[in-house]
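Engineer: Quick check, what structure comes out for this input:
(one chain, ligands or ions: 2)
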Amino acid sequence: MDILRTENMTKRFGGVVANNDLSIGIPEGEITALIGPNGSGKTTFINVVTGVHPITSGKVYFKDQDITGMEINRISRLGIARTFQKIRLFENLSVIENVLVARKSFYKSGPLSVVLGTPSFRKEEKENREKAMELLELVGLEDNAYDSPKGMAYGLRRCLEIARALALEPQLIFLDEPAAGMTRDEFKVIMNLMMILKEKGITILLVEHTMDFIKAVADWVYVLNFGQIIAKGTFDVIEKDPLVLKAYLGED
Ligand SMILES: Nc1ncnc2c1ncn2[C@@H]1O[C@H](COP(=O)(O)OP(=O)(O)O)[C@@H](O)[C@H]1O
Ligand SMILES: [Mg+2]
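Structural biologist: Ligands and ions are numbered 1, 2, ... in the order given. Below is the predicted model of the structure:
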């Protein structure tokens with residue numbers, strides 16, 4: 001079953017058709033990769049589906065519920081999380097606080113019990129810290145919990161961004177170039193993390209450029225060029241597709 005699907009989704013920015021009639025299905029519990037040259041519409045796809053940008057035409061369904069045009073916070077509460085191509089962290093908070101802030105929608109205590117530090121709030125706070133620490137362990141940041149993210153290596157900052165997205169306990173996560181700019185070792189951490197998330201039953205849509213990475217983790221691949229789907233299938237199938245080769249290598 002597809003956890004998310006788009007029907008004839010089109011997104012225009014003025015005269016630019018960034019997504020052109022996309023019907024994309026993301027199978028539940030699997031890793032789907034969305035690839036394509038720069039400017040082919042990958043980030044736009046994520047932005048439209050998660051409610052950042054309004055759709056021009058077409059439909060988006062999450063677990064068969066029509067979420068077209070739904071407000072961004074409502075979409076995230078349904079269980080859809082994402083990371084950004086450009087990392088977004090709270091630089092003045094510690095690593096663990098960055099995760100805790102992302103979990104704020106889980107807090108049941110009202111503002112007054114927070115200020116008064118009531119027992120129910122303290123219990124909730126303790127549970128949230130435990131959960132945040134679990135997430136930091138998952139992404140390999142348990143030793144950095146009380147550091148500032150400011151001076152951290154790029155790959156670790158990326159991992160923190162993923163932990164923040166996971167703090168929403170999503171069923172579906174969009175990762176926009178999670179391994180961009182990473183060293184070989186950091187890269188392996190992210191690849192391993194993909195597999196752990198999959199084992200936990202989280203569905204992943206991965207935008208990525210490194211073909212080794214896609215080959216290793218993706219169950220399915222969609223290839224975009226100029227906003228349109230030019231190929232879809234397993235990696236082994238799409239890597240031989242003449243349209244895909246042409247899109248990546250040019251006319252020759
Ligand atoms: N907010 C925006 N305003 C105007 N044009 C945009 C905006 N976002 C993306 N585009 C345009 O849409 C096209 C697809 O961009 P994008 O989705 O970022 O591609 P990719 O992520 O595949 O590199 C590009 O031509 C880009 O310039
Ligand atoms: Mg992009």
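Engineer: Can you tell me the element the nearest residue to Ser105 once chain neighbours are set aside falls in?
Structural biologist: Spatial nearest neighbour of Ser105, chain neighbours left out: Arg77 (6.9 Å); criterion: CB to CB, 6 or more residues apart in numbering. C-beta here means a position set from N, CA and C on the backbone, and glycine is covered the same way. Following DSSP states H and E, one finds Arg77 within helix 72-78.
Engineer: what helix or strand is the closest residue in space to Ser94 that isn't next to it in sequence on?
Structural biologist: Residue nearest to Ser94 in three dimensions, not counting chain neighbours: Tyr146, with 5.2 Å by CB to CB, 6+ apart. Using DSSP H and E, Tyr146 sits within no helix or strand.
Engineer: Neighbours of Thr10, how many?
Structural biologist: Number of residues near Thr10 (other CB atoms under 10 Å) recorded here: 17.
Engineer: Pro242 now?
Structural biologist: Using other CB under 10 Å, Pro242 has 9 other residues around it.
Engineer: go on, Ala165?
Structural biologist: Per other CB under 10 Å, the neighbour tally for Ala165 reads 22.
Engineer: That one should be in a helix, yeah?
Structural biologist: Yes. Ala165 forms part of a helix when assessed by DSSP: H, G, I helix; E, B strand; the rest coil.
Engineer: Show me which residues of the stretch 51-200 of the chain sit near ligand 2.
Structural biologist: Applying CB under 5 Å from the ion, we find that the stretch 51-200 of the chain lies next to ligand 2 at Gln85.
Engineer: Please enumerate the strands of the stretch 51-200 of the chain.
Structural biologist: Using DSSP state E, counting those that start in this stretch, the strands found in the stretch 51-200 of the chain span residues 57-62, 65-66, 80-82, 172-176.
Engineer: I'd like those strands as CSV, with mean neighbour count and mean pLDDT appended.
Structural biologist: What follows is those, written out as CSV (neighbours: other CB atoms under 10 Å; pLDDT from 0 to 100):
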stretch, mean neighbour count, mean pLDDT
strand 57-62, 17, 98
strand 65-66, 10, 98
strand 80-82, 23, 95
strand 172-176, 24, 96
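Engineer: Against which helices or strands is the helix or strand bottoming out on mean pLDDT in the chain packed?
Structural biologist: Lowest mean confidence among the helices and strands of the chain (mean pLDDT, DSSP states H and E): helix 111-116, at a mean of 72. Contact partners of helix 111-116 among helices and strands, from 3 or more CB pairs under 8 Å, 6 or more residues apart in numbering; DSSP states H and E: helix 119-138.
Engineer: just the CA coordinates of the helix it packs on, formatted as PDB?
Structural biologist: In PDB, the C-alpha atoms belonging to helix 119-138 read as follows (Å, rounded to 0.1, in the frame of the first residue of the first chain):
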ATOM      1  CA  PRO A 119       4.700  17.100  39.500                       C
ATOM      2  CA  SER A 120       2.800  16.200  36.400                       C
ATOM      3  CA  PHE A 121       4.900  18.600  34.400                       C
ATOM      4  CA  ARG A 122       8.100  17.300  35.900                       C
ATOM      5  CA  LYS A 123       7.100  13.700  35.000                       C
ATOM      6  CA  GLU A 124       6.300  14.800  31.500                       C
ATOM      7  CA  GLU A 125       9.600  16.600  31.200                       C
ATOM      8  CA  LYS A 126      11.500  13.500  32.400                       C
ATOM      9  CA  GLU A 127       9.700  11.300  29.800                       C
ATOM     10  CA  ASN A 128      10.400  13.800  27.000                       C
ATOM     11  CA  ARG A 129      14.100  13.900  28.000                       C
ATOM     12  CA  GLU A 130      14.300  10.100  28.000                       C
ATOM     13  CA  LYS A 131      12.700  10.100  24.500                       C
ATOM     14  CA  ALA A 132      15.100  12.800  23.300                       C
ATOM     15  CA  MET A 133      18.100  10.900  24.600                       C
ATOM     16  CA  GLU A 134      16.900   7.700  22.800                       C
ATOM     17  CA  LEU A 135      16.700   9.700  19.600                       C
ATOM     18  CA  LEU A 136      20.200  11.100  20.100                       C
ATOM     19  CA  GLU A 137      21.500   7.500  20.700                       C
ATOM     20  CA  LEU A 138      19.800   6.400  17.500                       C
END
